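J.: predicted model and sequence below, questions to follow.
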Protein chains: 2
Amino acid sequence: MGYRIMMLVAVFSATLLSLQAQDKLLARLGYPEGTRLLIVHADDLGVSHSENMASIKALEGGIVNSASIMVPCPWFPEIASYAGQNSEVDLGLHLTLNSEWNSYKWGPVSSKDLVPSLLNDKGYFYSSVDSLMAAGQPDEVELELTNQVKKALEAGIDVTHLDAHMGAAVSKPEFLVAYMRVGRAFELPVLLDKRVYESGIPEVQNLIDENTVIVDNIFTMGPQDFEAGVASYYNRILRELPSGLNCLLIHLAYDNEEMKAMTTGHRYWASDWRQADFDYFTSEAYRKLLEEENIKLITWRELRDRITSNK
Amino acid sequence: MGYRIMMLVAVFSATLLSLQAQDKLLARLGYPEGTRLLIVHADDLGVSHSENMASIKALEGGIVNSASIMVPCPWFPEIASYAGQNSEVDLGLHLTLNSEWNSYKWGPVSSKDLVPSLLNDKGYFYSSVDSLMAAGQPDEVELELTNQVKKALEAGIDVTHLDAHMGAAVSKPEFLVAYMRVGRAFELPVLLDKRVYESGIPEVQNLIDENTVIVDNIFTMGPQDFEAGVASYYNRILRELPSGLNCLLIHLAYDNEEMKAMTTGHRYWASDWRQADFDYFTSEAYRKLLEEENIKLITWRELRDRITSNK
């Protein structure tokens, strides 16, 4: 459910500054003007065994070329072990500040009494981003995000990027500052788009420099798209993909007993949604469409190593 | 895996004190001398969705009449919700100080910096009881056990008893004191057998009074029994069941993808073991054997309400 909140915010047209930065980004990556770059990115790894297995299958067998991991979740050790043994796979962290399901919960990596504003009265992360926005203290957000990155690095994961589960870490400007500061501290690209120029907070602008990766477009299926048909949504996104750097956020899992129980009571982003994503992104039709449209896949590792950490 | 460690300790014959206490217990419960009382008890509820579903099925459809819940585990909210809606079911707490699987982990209910001696370098409970015994501070054990009971009560569970996951909370005398103190603080019976008289710590003896329930025999399948045949082990236990208060500890889950992945790398107490337990304790043969042997089932709720809290 990465970035959903940000997608609901109105998208403003890019400023001259951002256009200049992006032209430079394409050139620095060695791609001609007009190239359609795409990261096909699976969210929520670590949340369940089902999510881990389906995502690994699609990363290995389909054309899904990047994913991110939820460090506080119970199945983190499984995906961390996979990451350690498959260091070529492009895996970042899906920085997590919410625990949104009903029957199955997790809390922070940090000691609970160091991040009390992030927790509900049961000691778990809030179910909703709204609750986090109302109560969360930015310094506690920054501490928890930092501890998630540290834990992943200590587990042996070659972290390629950071992004934000449910958009929580970018849901208000004060959290956005914390998120960008953590990215800078670890020399990791963080998922951002041009709305970062509209935050209204000078500190955000001060955190943008030529090593900042700013994605031109973030696409992710919403409830209306799901109701209208999964394949038609993705076919349209790929056929109409603009030039520049694009990121498509998807959610892969099997519609099995574990996943049905985990997502019970939720109509959207539930087990059937994730099975439909899996079916599409492991299909031959999708593979052919990528080729027909001459879309160029790019990973976060390439962006990290050539732009952000500038190795 | 409740009480495994205690079962490995040599069983000493009961003292005169204990025999007197037990005769009194049977009499206070209104059963004649020679009655074979049995609690058929499912451990590990809350550890996974599979464990929850299989245990609920056996509690409702089989002759399994008691169970206990692991409060720190990810699927605790699912079983807590069930407990709230089915208050007639006999549910206690499987007090948890270990996280023993490889791919799937949990940590304490308490804030981590209040119980540092209970945690490994990744912030989870230790995998082994040995590690806990070496590092765990008794005051931190007592705090964590207390917080598990508080959380369960706040979730609306009518807690009928306490017992010890993997026997960790009874693995050394100092932990046993903490465990018994928590039982007394909440007026709940804790699973104990006659070995409690052999602890060598005066404080343990001071915690025993006429409201203390002491089980005559605890039975639970071990690796050799499993290898030799699940049904033959349980058939023998039931046919040879002594008179007095007996407790049979079992582990119920479905041998499905979630459970296979959770227990991967473990030969015993794994998904096939739990499916075999489920198959036996929902079988017609088991039901008939209980009848043939004239075994009288008793719940922890009856023991709590008539003995420990003396309502």
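T.: Noted; the coordinates are in hand. Quick caveat, the model's predicted, so the values are computed rather than measured. Numbering: from 1, shown residues only, chains lettered A, B, ... in the order given.
J.: let me see the mean pLDDT of whichever strand or helix holds residue A:145.
T.: Residue A:145 belongs to helix A:138-154 when assigned by DSSP states H and E. Mean per-residue pLDDT for helix A:138-154: 98.
J.: quick one: list the elements packing against that helix.
T.: Counting contacts by 3 or more CB pairs under 8 Å, 6 or more residues apart in numbering or on different chains; DSSP states H and E, helix A:138-154 packs against strand A:91-95, helix A:173-185. From N, CA and C alone the C-beta is placed, and that goes for glycine too.
J.: of all the ones you listed, which one comes closest to residue B:230?
T.: Among the helices and strands packed on helix A:138-154, the nearest to residue B:230 by CB to CB is strand A:91-95 (40.7 Å).
J.: and the residue nearest the centre of chain A?
T.: By CA atoms, centre = their mean, chain A has its centre lying nearest to residue A:163, at 4.1 Å.
J.: for the helix or strand following the helix holding residue A:145, packing partners?
T.: With elements assigned by DSSP H and E, the helix or strand that comes after helix A:138-154 is strand A:162-164. Strand A:162-164 is packed against strand A:91-95, helix A:173-185, with contacts defined by 3+ CB pairs under 8 Å, 6+ apart.
J.: do the shortest one and chain B meet at all?
T.: No. Counting by CB under 8 Å from any CB of the partner chain, chain B is not contacted by strand A:91-95; separation bottoms out at 15.7 Å.
J.: neighbouring strands - and their directions - for that strand?
T.: Partners of strand A:91-95 in the sheet, by DSSP bridges, are strand A:66-69 (parallel), strand A:162-164 (parallel).
J.: and the stretch 1-150 of chain A, which residues reach chain B?
T.: Residues of the stretch 1-150 of chain A found near chain B (CB under 8 Å from any CB) are A:49-50, A:53, A:74-78, A:81, A:102-106, A:109-114, A:122-123.
J.: 6 Å instead?
T.: A:49, A:74-75, A:77-78, A:103-105, A:111-113 (CB under 6 Å from any CB of the partner chain).
J.: thinking again about what came up before, chain B versus the residue nearest to the centre of chain A, what's the distance?
T.: The gap separating residue A:163 from chain B is 23 Å, by CB to the nearest CB, to the nearest Å.
J.: neighbours around the nearest residue to that residue once chain neighbours are set aside, how many?
T.: Once flanking residues are discounted, residue A:163 sits nearest to residue A:191: 3.8 Å by CB to CB, 6 or more residues apart in numbering or on different chains. For residue A:191, the count of nearby residues is 29 (other CB atoms under 10 Å in any protein chain shown).
J.: on that earlier part again, out of the helices and strands packed on helix A:138-154, deepest packed?
T.: strand A:91-95 (a mean of 30; mean count of other CB atoms under 10 Å in any protein chain shown).
J.: show residues contacting the helix holding residue A:145.
T.: Here helix A:138-154 makes contact (CB atoms under 6 Å, 6 or more residues apart in numbering or on different chains) with A:71, A:93, A:95, A:108-110, A:115, A:117-118, A:159, A:174-175, A:178, A:182, A:186.
J.: can you rerun that using 8 Å?
T.: Outside helix A:138-154, the residues that touch it by CB atoms under 8 Å, 6 or more residues apart in numbering or on different chains are A:69, A:71-72, A:80, A:93, A:95-97, A:108-110, A:114-118, A:159, A:162, A:169, A:174-175, A:177-179, A:181-182, A:185-186, A:188, B:122-123.
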